[in-house]
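1. Sharing a model that was predicted from the sequence below.
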Protein chains: 2
Amino acid sequence: MSSPLSSPRQPADTAAIAQLRDAVVADIGEAAILNNAADMAPYLKEWRDLYTGVTPFVLRPRSTEETATMVRHAARLGVAVVPQSGNTGLVGGQIPVEAGNEVLISTDRMNAIEEVDARGSTMTVQAGVILQEVQRAAEEAGRLFPLSLASEGSARIGGLISTNAGGTGVLAYGNMRDQVLGLEVVMPDGRIWNGLRALHKDNTGYDLKHLFIGAEGTLGIITRAVLKLAPLPHARDAAVVGVASPADALTLLGRISGRLGDALTAFELVPRFGLELVLKYGADTRNPFTEGMPDWMVLIEASTFAPDRPMRDILEAELMAAYEAGEISDAMISQSLAEAQDFWRLRELLSEVQSHEGGSIKHDVSVPIADVPAFLAEATEAVLKVVPGARPVAFGHLGDGNIHFNITQPEGADKAAYLARWDEMNAAVHAVVRRYKGSIAAEHGVGRLKRDLVPTVRDAVELDLMQRIKAAFDPDDLMNPGRLLPMPGK
Amino acid sequence: MSSPLSSPRQPADTAAIAQLRDAVVADIGEAAILNNAADMAPYLKEWRDLYTGVTPFVLRPRSTEETATMVRHAARLGVAVVPQSGNTGLVGGQIPVEAGNEVLISTDRMNAIEEVDARGSTMTVQAGVILQEVQRAAEEAGRLFPLSLASEGSARIGGLISTNAGGTGVLAYGNMRDQVLGLEVVMPDGRIWNGLRALHKDNTGYDLKHLFIGAEGTLGIITRAVLKLAPLPHARDAAVVGVASPADALTLLGRISGRLGDALTAFELVPRFGLELVLKYGADTRNPFTEGMPDWMVLIEASTFAPDRPMRDILEAELMAAYEAGEISDAMISQSLAEAQDFWRLRELLSEVQSHEGGSIKHDVSVPIADVPAFLAEATEAVLKVVPGARPVAFGHLGDGNIHFNITQPEGADKAAYLARWDEMNAAVHAVVRRYKGSIAAEHGVGRLKRDLVPTVRDAVELDLMQRIKAAFDPDDLMNPGRLLPMPGK
């Protein structure tokens, strides 16, 4: 057979789109459709301003069945659909193309928490539930939902699953993938796959769930999920530590994780320049270091599960030992919840403060943990060769090997001229990533932004296998087309 | 297109098999082939004696490239291959059919540990490495490889990954699936997929790795893997606890896991009758309970990561509190490593001692954790309706909701007559499993034994999706055919 992906799809015509509208009105009603510009605007723009989309209308199903009905009609009429969740994605996967021939389906009205099972440590939710609500419901049941990231106040579960979101809890708890026990998905032809199981062990055939997780909506629309909950810590203490280099940070990681085991629930790296930006532009921030500003800051979180065995004591003892061994230059453990939140704020503000210093060229990469120091040194050298004077803000999840290697423009440079070097800078950084067998799309995904980079890091066999899966599930290429997966021959 | 799976495959003819032999001899050499009966015998019989296979010869590659060469020739000649690892599987997936037209490929010569990266907490191994060797190498590097199961002295990594093995470490560390960072696989057409990455975060396209994990060799032969290592506990303490019922065991689980968090590394359930069998037939065993034999025994393991914060103290305090609350009838914490091993022995011998009491009809099921007590009550009632006097030995991983619901024949009954009721008993138990949305193949997989049961627990959409994946990767159905996946229309 010739792959259905090999011939460029014709855009759906105006008639087909009108028929889809009529079919949805007939089966579900007018209320499921938004089509005035003001109502649609929030769905068509993402917050980093890289993409602005056009869609004939936005469909807002209230249930799995309504989603299935919409998709079935779209498939029958040959209309492409773009699933959207909380619209917090950073790579354009959730924004319709400018051609205006993709219909956006938002799951934002499917926002019920259907069941919390504290005893079984599971929660069943609809795709449109916001992450913070999941965290809150878990905590009310005496459990922890450990996924945590900057956009948790607006990111929705369906999108978090579709992009296999990461964040600061990955070190101890894993990615979003690891929090999902079961899924329900509307397939590209409108059929419903019911994999909504609450099982910790199940080897009955291929694990379809993991195929949909991280597929960025290209294989179907996630409508419901069974999430796994974790024990709720009695306390969580934070510490900020000054170190001289990423290598010293890695030594500290080895030391602390050997003592705390799974009680080490975060280990984040922040460079001096990043910290300076946060202190300069971030409201309500202060430098926690008394001995001057270190070259690198590490943010550590230790969770205590047994109240009479506080992990902060161990953390304190280890940090003292590290100080005496000359491995760290300074360390502070939070004395209160408020202080812990202040420490976290220094980390969380890093993304937004960069914009105050002009253009920033971004990379979301990972390498094997032990290779992070070498990667940082070589990638820094590489970008400075491309743009002398550029200022790296390399921060992120050292414990996962995941670095947001963002490069702020040289002081006083022209922003547009700097951003015009985006591809060139990417190429320089990604060459180093490839040398360390790393990932160029570690936690933010591929979407439209990195689609054409995928063939630079995946060989022909892997591309072929991915395309076969796409063709097997979505032979007409109507489900979030053009995202994630490069076309054959590209 | 018509599915390539829909027409029954013709068996490879003798000429094709002879040509395969010649091609392997020419490209790799005679030493890669076993074909006398005595040499082949260990590969053709599995230890529970349910399957005895026939194969024209056994191929034993020494590398990924040799594996690829063999598979490429087999694919070209239309010869079906059966991958085999440690031959410890319980469902016949690794044994060639009696028709003798499937060539067995064993990975047992690919047994090198290629790299241990203590700092990055990873290990790169070939598929034929035995689990115990992986555990040992991790420990020598000051790390833990947490997968642990009865057959760890002979089970090999490739098979453990292909079947997504479980065991006693799942509660804290997850299944085999959760220990794998990267994979290398020889595809059914002989191409090599290189997904041998050591990354904790990578969202560059579909997660192919998870598709091969648990696919039981039907999508390709796993040749190498990058495994994830965990912090090595400073101590592991075991306790045996007497409880009146599975419901009380579940209450105890809630209590202990709330206090120990991830330091609770095993929580296993054993019924009185099972314990009696172990004490009767198991060498070097003794009843640990001083207050008489409880109706149910729980085996608990607590791991200590910080030496000055022994988890055994917390465990002891909690067990005391549970005793005072009347939730448990008796409890002993191991006073030495030897005693901990004695406690574990009571659990580990359970599988083999059952054979001394005649026939045993087995079920490897899981249900949501909170439903285990109700499941046990209803399933017991159901099997006693089918065979009055039958004696359930329901044991296993309560913390994962995974129960080995094995039913020993009535005392003095005829073994063959009892075993003839296998399907009937299965049907009775699986009906209860379905009621609780459980799994009929929780950790041992499907193989040949349960293949035709899959359509009783998976709907048409799910079967179709699985068959599409199989057809996309193995259109000629030559890679471990007839395992795992029912044929369309069946």
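-> That came in fine, so what should we check first? Numbers count the residues shown, from 1 in each chain, chains lettered A, B, ... in the order given.

2. How is A:P475 classified with respect to secondary structure?
-> Using DSSP: H, G, I helix; E, B strand; the rest coil as the criterion, the local structure at A:P475 reads coil.

3. Tell me the residues on the stretch 301-450 of chain A that lie near chain B, please.
-> By Cβ under 8 Å from any Cβ of the partner chain, the residues of the stretch 301-450 of chain A that approach chain B are A:303, A:305-306, A:308-309, A:311, A:314, A:366-371, A:397, A:400-402, A:437-446, A:450. Where C-beta positions appear, they are placed from N, C-alpha and C, glycine not excepted.

4. List only buried entries from those residues.
-> A:303, A:305-306, A:309, A:311, A:314, A:366-371, A:397, A:400-402, A:437-446, A:450 (16 or more other Cβ atoms under 10 Å in any protein chain shown).

5. These in helices, which ones?
-> Secondary-structure check on those using DSSP state H: residues within helices are A:311, A:314.

6. so where do the helices sit in the stretch 151-300 of chain A?
-> Read by DSSP state H, counting those that start in this stretch, the stretch 151-300 of chain A holds these helices, from start to end of the chain: A:157-162, A:170-173, A:208-212, A:246-260, A:272-281.

7. Could you export those helices as CSV, including mean neighbour count, mean pLDDT and distance to chain B?
-> Putting the helices of the stretch 151-300 of chain A into CSV (neighbours: other Cβ atoms under 10 Å in any protein chain shown; pLDDT from 0 to 100; distance: least, Cβ to the nearest Cβ, whole Å) gives the following:
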stretch, mean neighbour count, mean pLDDT, distance to chain B
helix A:157-162, 30, 98, 10
helix A:170-173, 22, 90, 7
helix A:208-212, 24, 98, 3
helix A:246-260, 21, 92, 5
helix A:272-281, 19, 97, 20
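
8. Which one, of those helices, ends up nearest to B:L229?
-> Closest approach to B:L229 among the helices of the stretch 151-300 of chain A (Cβ to Cβ): helix A:246-260, 11.1 Å.

9. check contacts around A:V241.
-> Neighbour list for A:V241: A:252, A:297-300, A:319, A:322, A:328, A:330-332 [criterion: Cβ atoms under 8 Å, 6 or more residues apart in numbering or on different chains].

10. brain fart, A:K362
-> Residues counted as contacts of A:K362 (Cβ under 8 Å, 6+ apart) are A:404-407.

11. Low-confidence bits of chain A, can you list those?
-> The model of chain A has pLDDT under 70 over residues A:1-12, A:488-490.

12. if we go to 50?
-> Confidence mapping of chain A against pLDDT under 50 gives the ranges A:1-8, A:489-490.

13. okay, which residue is most central for it?
-> A:A165 (3.5 Å; Cα atoms, centre = their mean).

14. Chain B versus that one, what's the distance?
-> When distance is defined by Cβ to the nearest Cβ, to the nearest Å, A:A165 is 9 Å away from chain B.

15. so what's the closest residue to A:N164 other than its chain neighbours up against?
-> Closest residue to A:N164 in three dimensions, ignoring its sequence neighbours and counting by Cβ to Cβ, 6 or more residues apart in numbering or on different chains: A:G214, at 3.6 Å. Neighbouring residues of A:G214 by Cβ under 8 Å, 6+ apart: A:162-164, A:177, A:445, B:203, B:206-207.

16. For ChimeraX, write a command that selects the buried ones of those.
-> The buried subset of these, as determined by 16+ other Cβ under 10 Å, is captured in ChimeraX by this line:
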select /A:162,163,164,177,445 /B:203,206,207
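
17. can you tell me which of the contacts of A:G214 lies nearest to B:G158?
-> Closest approach between the contacts of A:G214 and B:G158, by Cβ to Cβ: B:D207, at 19.0 Å.

18. Contacts only, for that closest one.
-> B:D207 is in contact with A:164, A:177, A:210-211, A:213-214, counting by Cβ under 8 Å, 6+ apart.

19. before we move on, the earlier item: ok, of the contacts of A:G214, which one's closest to B:I17?
-> For those, the nearest to B:I17 is B:Y206 (35.2 Å; Cβ to Cβ).
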